[in-house]
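A.B. asks: Mind looking at a prediction? Sequence and model below.
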Amino acid sequence: MSTQHVAPPSAILRHAVLLITGALILIPFVWMVSLSIKPPGEIFRASFSFWPAQFYGVENYNKALTSSPLPRYMLNGLFVCATILSLQVAVCAPAAYALAKLNFPGRNLLFALVLIALLLPHEVLALPLFILGYKVGILNTYAALIFPYVVSPFGIFLFRQFFKTIPDDVVHAAKLDGFSELAIVWRIMVPMALPAIIAFGIFSVVSHWNSLFWPLIAVRDQDLMPPPLGIMAFKNEEAGNDYGPLMAATTVVVLPLIIAFLLAQRWFVEGLTSGATK
């Protein structure tokens, strides 16, 4: 006589909490997509229905893509995010290697400063960065959107923690083979830390793709605006109270992030949870 396996109450409770939490997180996205395919007359109806009585998606998405330079905003966001991520890896990987594998005076103090910087919100530095950008003359350029984020305390911390899981014997063997410190970083440590780099890349791209506060201060030329700032300009100048095209534009902006995360989720989880010992 076979007995069916029954999940314990704690497992059922955990899954229920996860399902409820996931549903609450998805509700705004579902609402956004629903509004993006509705005509103006159905958006403010008292009764809710996901699928509209009259499908208006083609008109809303066409207006979102043609009545404002939305493709330009997205190209700006792609260029800014890719440049920031490349420079962050170039700066953070050697710094993390030094904190993880090299012994020098003041190493613990420097790591403590990294942790302090990790706790500070970037908005605290907005005024000094604005004054510095004005003095240097980079305001209203791509450089103003990129250089304040080149050094990432989170990136240094994440890479340092990952590098510390790599055995010191690997580093010693590389030095015996004649590798310089920089060669060890780029030819050994960084390839082994690829999951951590992908995880950090997702955090970095999502953060800067969605950034609004600093671009609102740093640039005013519409040709330089990243997606969130561009959507603000789209709403104010083009759409007005026409929320259908506005939600369509927002959906187009969010979609690349969702696709990128779904494609990289395995490496994302591995980079945050596993070590790098080979």
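C.D. replies: Received the coordinates, thanks.
A.B. asks: So which elements touch the helix or strand where C81 lies?
C.D. replies: Secondary structure assignment for C81, by DSSP states H and E: helix 70-101. With contacts taken as 3 or more Cβ pairs under 8 Å, 6 or more residues apart in numbering; DSSP states H and E, helix 70-101 sits against helix 107-119, helix 142-146, helix 153-164, helix 181-184, helix 194-209, helix 227-234, helix 243-273. Using the backbone N, CA and C atoms, a C-beta is placed for each residue, glycine as well.
A.B. asks: avg pLDDT for it?
C.D. replies: Per-region confidence: helix 70-101 scores 93 on mean pLDDT.
A.B. asks: Show me which positions of that helix end up buried.
C.D. replies: 70, 73-74, 76-77, 80-81, 83-85, 87-89, 92-101 (16 or more other Cβ atoms under 10 Å).
A.B. asks: Isn't A174 up against I188?
C.D. replies: Yes. Assessed by Cβ atoms under 8 Å, A174 is found in contact with I188 at 5.5 Å.
A.B. asks: Read off the pLDDT value for the residue most central in space within the chain.
C.D. replies: The chain has V206 as the residue nearest its centroid, 1.9 Å off, counting by Cα atoms, centre = their mean. The model reports V206 with a pLDDT of 89.
A.B. asks: For it, give me its contacts.
C.D. replies: For V206, the contact set (Cβ atoms under 8 Å, 6 or more residues apart in numbering) comprises L257, F261.
A.B. asks: what's the distance between it and L139?
C.D. replies: Counting by Cβ to Cβ, to the nearest Å, the separation of V206 from L139 is 25 Å.
A.B. asks: Then L85?
C.D. replies: Distance from L85 to L139, by Cβ to Cβ: 22 Å.
A.B. asks: Okay, domains of the chain per the record?
C.D. replies: Structurally, the chain divides into domains by automatic domain parsing as follows: 9-60, 64-273.
A.B. asks: Confidence-wise, which of those is weakest overall?
C.D. replies: Note on the domains of the chain: domain 9-60 shows the lowest mean pLDDT, a mean of 84.
A.B. asks: got the end-to-end distance for it?
C.D. replies: 47 Å (Cα to Cα, to the nearest Å).
A.B. asks: Please apply the same query to stretch 58-76.
C.D. replies: Using Cα to Cα, one end of stretch 58-76 lies 25 Å from the other.
A.B. asks: Of the helices and strands packed on helix 70-101, which is nearest F55?
C.D. replies: F55 lies closest to helix 243-273 among these, at 11.4 Å (Cβ to Cβ).
A.B. asks: re the thing from before, comparing the domains of the chain, which comes out most buried?
C.D. replies: With neighbours defined as mean count of other Cβ atoms under 10 Å, these peak in mean count at domain 64-273, which reaches a mean of 17.
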